[in-house]
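Trainee: only geometry, no sequence info:
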């Protein structure tokens, strides 16, 4: 299994000390335009796990595709 690394900027605007799962914020993936809002850890994980880097890795079966279209 290949590990794909992606970078994110996560901004948390609100959370409760006694309920850390209740977060409100936005996520930006490095190199990708736009922001996605989340209202809890489950939504945050959903955004990160469906990122472009993870989707690209699933499409190629964990193999990189070179500029010439050949898998490496």
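Mentor: That came in fine, so what should we check first? Computed from a prediction, not measured in an experiment: that's the story for all the values here. Numbers count the residues shown, from 1 in each chain.

Trainee: what's the closest non-adjacent residue to residue 20?
Mentor: Excluding its sequence neighbours, the residue lying closest to residue 20 (C-beta to C-beta, 6 or more residues apart in numbering) is residue 41, at 7.8 Å. Bear in mind the C-beta positions are built from the backbone N, C-alpha and C, glycine included.

Trainee: what count of nearby residues applies to that neighbour?
Mentor: When neighbours are counted by other C-beta atoms under 10 Å, residue 41 registers 13.

Trainee: ditto for the one 10 residues further on
Mentor: Around residue 51 sit 19 other residues, with neighbours defined as other C-beta under 10 Å.

Trainee: residue 24 is in contact with the residue nearest to residue 20, correct?
Mentor: No - here residue 41 lies out of contact with residue 24, judged by C-beta atoms under 8 Å, at a distance of 11.2 Å.

Trainee: okay, now residue 24: neighbour count?
Mentor: Neighbours of residue 24 (other C-beta under 10 Å): 14.

Trainee: quickly run through the sheet partners of the helix or strand it falls within, with directions.
Mentor: Element membership for residue 24 (DSSP states H and E) is strand 19-29. Applying DSSP bridges, strand 19-29 is found paired with strand 8-16 (antiparallel), strand 36-38 (antiparallel).
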